[in-house]
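1. generate coordinates for the sequence data below:
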Amino acid sequence: MKVFKLIRIAGIAATALALASGASAQTLLNSANVSVSVNLTSQCKLSAAAPTLAVDFGTYTAFGAATTPNPSMTFDVLCTRGFGASPTITWDANAGAGVISGLAYSLSLANSATVPGTAATATVGATPATLTFKLSGTMASGQAGDNAGAGAQTATRTVTLAF
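-> Numbering: from 1, shown residues only. Below is the predicted model of the structure:
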């Protein structure tokens, strides 16, 4: 019992001595500026879920009509937020018009919707702007076609989106 009292008395004496001498915890204040930099290259790209771009008119019987005379599909392009809201669309030739199996067709591509994405915060990065495009084709009925192109035919066209 006496030992306990001595330790308790020693603790009280040390506290009283510290208060009397004005001793306090000290904080070391040093600061520095941190330079944060990046060189962002903005871009747009097809979304990972973008389907194969295709316009399929189906079957066409000469002087009749395509089984799918106005096919269309949509796909998404992801862009750096704030970049690429109004792209220029150019086709490889004839502004999207062409001939396959002796049948004239026309292609069009239009931006049908834009979602601007969200701004970054200190804990979450920005989400991309998403531009949804509609690719459409038309093929008039009543065409004769070309027997040299009879059977299933495929043509590859190139469309360029410049942002």
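2. where does this structure have low pLDDT?
-> Segments of the chain classed as low confidence (criterion: pLDDT under 70) are 1-25, 84-85.
3. show me the helices in it, by range?
-> Secondary structure of the chain (DSSP state H): helices located at 2-21.
4. just the strands in it please.
-> Along the chain, the segments classed as strands by DSSP state E run 44-46, 72-79, 88-91, 97-100, 103-115, 129-138, 159-162.
5. for Asp56, see how far away the nearest residue to Phe57 once chain neighbours are set aside is.
-> Closest residue to Phe57 apart from its sequence neighbours, by C-beta to C-beta, 6 or more residues apart in numbering: Ala66 at 4.0 Å. Where C-beta positions appear, they are placed from N, C-alpha and C, glycine not excepted. Distance from Ala66 to Asp56, counting by C-beta to C-beta, to the nearest Å: 9 Å.
6. who has more neighbours out of those two?
-> When Ala66 and Asp56 are compared on other C-beta atoms under 10 Å, the one with more neighbours turns out to be Ala66, at 21 against 12.
7. dump the residue contacts of Thr158.
-> Contact partners of Thr158, counting by C-beta atoms under 8 Å, 6 or more residues apart in numbering, are Trp91, Asp92.
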